[in-house]
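Student: Just a sequence and a predicted model for now, questions to come.
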Amino acid sequence: MKTILSTKQLSKRYGKIQAVDKLSIEVNEGDIFGILGPNGSGKTTTLSMVLDLVKPDSGSFAWFEQPPSKEIRKRIGSVIESPNFYPYLSALNNLKIVADIKGTGHDDIERVLKTAGLYERMHSAFRTFSFGMKQRLAIASALLGNPKLLILDEPTNGLDPQGIAHIRDIIIQVASQGVTIILASHLLDEVQKVCSHVAVLKKGNMLFSGKVSEVLSVTDCMELGSADIDAMLTAIKGHPNYKNHEKTDGKLMVYFTGEPQPTAINQFLYEKGIVLSHLSDRKRTLEQHFLELLQQNQ
Amino acid sequence: MIALLKIEFRKILTYKVFWILTGLYFLFLGLGIFMAEFILNDWVNNFNKRFPIPMPHVTLYFFPDIWQNLTFFASIRYVLIFPALVVIILITNEFTNKTIRQNVVNGLSKQDFLISKLQFILLFSIVVTIALGTAIFFLGLSNSDAQQIGMMGKKFLFLPGFFIQILCYMIFAFFFGFLLRHTGLAIALFTLYSLIIEPVIYYILKIPFFQPNNISPYLPVNSVLRIVEYPAIPFLQKFMGITLQNSISLLHCGIALLYSAVMIGIVFWLLIRKDL
C-alpha cells in the first residue's frame, strides 16, 4: 500500500495558541481519511501546511513519499475553507483558470460541471451563485483532471440538508472510483458516513487515529433494574466483560467491553439468583462517544 | 512564462472594472495628448490679457520635440495614477477573494504568482508605450515640416524613458498592493503618498536645514517624474529660468529602476516567508 501523505511532528503556533502540536499522521492509498475535530482544533491549519499555504514552525511532511512541490499540488484536487473564486468571472472561466494552473486542458471542464450539477449555469458569474452552488463549484474544480487525491475542508459546512446530501453523494461516488480523500470535518456523523479512517484532533493534538470502524465503535451499555440493586451490582461485577457502572434512580447503567447480548446478560444474572425487572439496550450515540473522548483529554 | 500570462489574461478577460479603468486611462491619455497644446495656449491667452509682456504661443507637435512634450504630458501624476490603480486592484482582489490561496493550492508557486503580476505590468507598460509612440509618430508627421521630419529620431529616447516611468510607477503600485493587501487601504495610501505625502516631504527636504545634501529629487515618485522633467517649451527657460533637458535623465532612470528592484525584492522576500 502506497503512502499518500505522511506528516512528522508537524507544529504551528499562532501567538499564544498552539494551532497544531507535533502532529504525525499517515494517509494511505485508497483511504477516505477523516480529520475530525471541533472548530479551532487545527484541521484547516494542518491542511494549509501540507498545501504550502502556511509554513510549519517545525516538523515535515511528504506527498507520495516525495518532498512537497507545486507539481505535486497540481495533481491534488483541493478545497480549503470557503470556495475561493473570482466573483466577476463565470463558472466556466473560473474553471478554465484552474485547468490552466493545473495544466490539465479544458476538455474535462464539461464533465466536472455535470458532476456538480452546474452545467446549465456555467456562464453565470460566480457571485450570482447560491452558497450551495459555490461549494459545488469548488468540488468541481477539485475534480478537474481526475486527481488521485482529493482534499476537502468542511465541504458541507453551511449547507442546507439537500446541499449536504448532494455533496456527500459526489464524495461517495468519487471515493468508489478508488480516489484517496482527505476530509476535514467537525461533524462526526459526516466522518462516520463517508470515511474509512479517522484522526481526531483537539487543540492541535491528535487524540487518536485509526479505522473508523474500530475507533468509533460503540461500547454498549445496558440499563438494568431489579428489586435488590446492590446484590445485582455485586453479581454483574463478576461478568467477564464488565467495565464500569453508574447508578441512576433505581436502575443501574452498566458498561461492557465488546457487545453484550441481552439474553446472555439476563441468563448470567439469573444463574446468580438475580431476577431482572428491567433490561434495555442503551447504545451510546457516536456523538456522545466523540464528546466523551474530547472531554477525557481536557 | 507565456502560460502565466495566459492565466493572468483570463482573470481580467471579463472583469468590467479592469476594462472601465483601462478605458478611462486611455481616454484621459488621449485627451491629454491631443488637448495639451490647446489648453496651454488658452492659458497663455489669459496671461497675455493681464500682463504687458506677451508670451508666445506654444507648439508641441513637431519633431523632434514632440517626443519630449507628449511623454511629459503622458507621465504627469494624475494620468500615471490610472494604471497604478489597475495594478493595485488586480493584486488586492486576489487577497480579498482569497484566490491567491486557491492559486497556490492548485499548483502555482508564490514566485509564479508574483511573476505573473510582473508580466502583466510589463505587458501593460509595453502596450501603452507602443500606443503613445504611435500617436506621437502620426501627430508629429502631420504637424512637422520637412526639416523637422528630418530630425525625427533626435529625441526618440524620451519614449523608452516614458516606458521606464510607467513601468516603475506600476511596480510601486505592485509594492503597495502586496504590502497592504486591502484594496481600499492600498488605493488610499498609494494615492495619498504619490499626490500629497511625497510632495510635502519634497518641500520639507528643500528647506535650508537639510541642505546641502538635498535628497528630495531622489524620492521614489520624484525620481520617476524627473526622467522626463519638463516639456520642451522655450518660454519655461526664458521666463522661469528652468534648464530644459536635451535627453531623458539617465540618473533618474537608474534611481527609479533601483527603487523598483528593491521593492520587487521586498515583495518576494515577504510573500515567500509570510503565510497566505
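Tutor: Thanks, I have it.

Student: List the residues that contact the residue in the stretch 101-250 of chain B positioned nearest to chain A.
Tutor: Residue nearest to chain A within the stretch 101-250 of chain B (CB to the nearest CB): residue B:107, separated by 3.4 Å. Every residue, glycine included, has its C-beta placed from N, CA and C. By CB atoms under 8 Å, 6 or more residues apart in numbering or on different chains, the contact list for residue B:107 reads A:70-71, A:73-74, A:101-103.

Student: Export these to a markdown table and append columns for secondary structure, pLDDT and neighbour count.
Tutor: Shown next, in a markdown table, are these (DSSP: H, G, I helix; E, B strand; the rest coil; pLDDT from 0 to 100; neighbours: other CB atoms under 10 Å in any protein chain shown):
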| residue | secondary structure | pLDDT | neighbour count |
| --- | --- | --- | --- |
| A:70 | helix | 91 | 16 |
| A:71 | helix | 91 | 12 |
| A:73 | helix | 92 | 23 |
| A:74 | helix | 93 | 17 |
| A:101 | helix | 94 | 26 |
| A:102 | helix | 94 | 21 |
| A:103 | coil | 91 | 11 |
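
Student: What about chain B: which of these touch it?
Tutor: Among these, the ones lying near chain B by CB under 8 Å from any CB of the partner chain are A:70-71, A:73-74, A:101-103.

Student: ok, residue A:125 - how many residues close by?
Tutor: Using other CB atoms under 10 Å in any protein chain shown, the number of residues around residue A:125 comes to 17.

Student: That one is in contact with residue A:89, isn't it?
Tutor: Yes. With contacts counted by CB atoms under 8 Å, residue A:125 reaches residue A:89, the gap being 6.7 Å.

Student: rewinding a little: between the ones next to chain B among the contacts of residue B:107, which sits nearest chain B?
Tutor: Chain B lies nearest to residue A:74 out of the ones next to chain B among the contacts of residue B:107, by CB to the nearest CB, at 3.4 Å.

Student: Give the full set of residues in contact with that closest one.
Tutor: A:101-103, B:106-107.

Student: switch the cut-off to 6 Å
Tutor: Contacts for residue A:74 (CB atoms under 6 Å, 6 or more residues apart in numbering or on different chains) come out as A:102, B:107.

Student: same deal with residue B:46?
Tutor: Per CB under 6 Å, 6+ apart, neighbours of residue B:46: none.

Student: Tell me who's in contact with the nearest residue to residue B:84 once chain neighbours are set aside.
Tutor: In space, and not counting its chain neighbours, residue B:84 is closest to residue B:173: 3.7 Å by CB to CB, 6 or more residues apart in numbering or on different chains. The contact partners of residue B:173, by CB under 6 Å, 6+ apart, come to B:84, B:87-88, B:190.

Student: again, only using 10 Å
Tutor: The contact partners of residue B:173, taken as CB atoms under 10 Å, 6 or more residues apart in numbering or on different chains, are B:80-81, B:83-91, B:121, B:186-187, B:190, B:194, B:263.

Student: can I assume residue B:198 is in contact with residue B:217?
Tutor: No. Using CB atoms under 10 Å, residue B:198 is not in contact with residue B:217; the gap is 11.5 Å.

Student: Show me the common contact partners of the two, please.
Tutor: Counting by CB under 10 Å, 6+ apart, the shared contacts of residue B:198 and residue B:217 are residue B:225.

Student: next SSE after the helix or strand harbouring the residue nearest to residue B:84?
Tutor: Applying DSSP states H and E as the criterion places residue B:173 in helix B:158-180. Where DSSP H and E defines the elements, the next helix or strand beyond helix B:158-180 is helix B:183-192.

Student: list the helices and strands the helix or strand that that following helix is followed by packs on?
Tutor: For helix B:183-192, the following helix or strand on the C-terminal side (DSSP H and E) is helix B:198-206. With contacts taken as 3 or more CB pairs under 10 Å, 6 or more residues apart in numbering or on different chains; DSSP states H and E, helix B:198-206 sits against helix B:220-225.

Student: distance between the following helix or strand past the helix it packs on and the chain's centre?
Tutor: Tracing the chain C-terminally past helix B:220-225 and defining elements by DSSP H and E, one meets helix B:234-240 next. Centre-to-centre, helix B:234-240 and its host chain are 25 Å apart (CA atoms, centre = their mean, to the nearest Å).

Student: again with stretch B:149-163
Tutor: Remark: stretch B:149-163 is offset 17 Å from the chain centroid, using CA atoms, centre = their mean.

Student: which residue packs closest to residue 19, ignoring adjacent ones?
Tutor: Went with chain A since none was named. That would be residue A:45: by CB to CB, 6+ apart, it lies 4.3 Å from residue A:19.

Student: actually chain B
Tutor: For residue B:19, ignoring the flanking residues on the chain, the nearest one in space by CB to CB, 6+ apart is residue B:12 at 7.8 Å.

Student: buried ones in the host helix or strand of the one you found?
Tutor: Using DSSP H and E, the element containing residue B:12 is helix B:2-13. Across helix B:2-13, burial judged by 16 or more other CB atoms under 10 Å in any protein chain shown covers B:4, B:7-8, B:10-12.

Student: Up against chain A, what does the stretch 101-250 of chain B have?
Tutor: Residues of the stretch 101-250 of chain B lying near chain A by CB under 10 Å from any CB of the partner chain: B:101-113.

Student: Where neighbours are concerned, which of those residues has the most?
Tutor: Going by other CB under 10 Å, residue B:102 tops these with 28 neighbours.

Student: Please report how far that residue lies from residue A:59.
Tutor: 25 Å (CB to CB, to the nearest Å).

Student: mind listing the helices for the stretch 1-150 of chain A?
Tutor: A:43-50, A:70-74, A:91-102, A:109-115, A:131-143 (DSSP state H, counting those that start in this stretch).

Student: Show the contacting residues for residue 14.
Tutor: Picking chain A for this. Taking CB under 10 Å, 6+ apart as the definition, contacts of residue A:14 comprise A:20, A:45, A:54, A:57, B:275.

Student: wait, I meant chain B there
Tutor: Applying CB under 10 Å, 6+ apart, one finds that residue B:14 lies in contact with A:86, A:88-90, A:93, A:125.

Student: near chain B, from these?
Tutor: Among the contacts of residue B:14, the residues lying close to chain B (CB under 10 Å from any CB) are A:86, A:88-90, A:93, A:125.

Student: any low-confidence regions in the chain?
Tutor: Unless you meant another one, I'm taking chain A. In the predicted model of chain A, residues A:215-220, A:282-290, A:292-298 satisfy pLDDT under 70.

Student: ah, no, chain B please
Tutor: Within chain B, the ranges that satisfy pLDDT under 70 run B:210-213.

Student: hmm, what's the outermost residue in it?
Tutor: No residue in chain B sits farther from the centre than residue B:52, which is 37.6 Å out by CA atoms, centre = their mean.

Student: if I look at that one, how far off is chain A?
Tutor: 59 Å (CB to the nearest CB, to the nearest Å).

Student: That residue belongs to a strand?
Tutor: No. Read with DSSP: H, G, I helix; E, B strand; the rest coil, residue B:52 is coil and lies in no strand.

Student: now the lengthiest strand in chain A against helix A:43-50, angle please.
Tutor: For chain A, the longest strand by residue count, based on DSSP state E, is strand A:3-14. Angle, strand A:3-14 to helix A:43-50, by axes from the mean of the first three to the mean of the last three CA atoms, to 10 degrees: 110 degrees.
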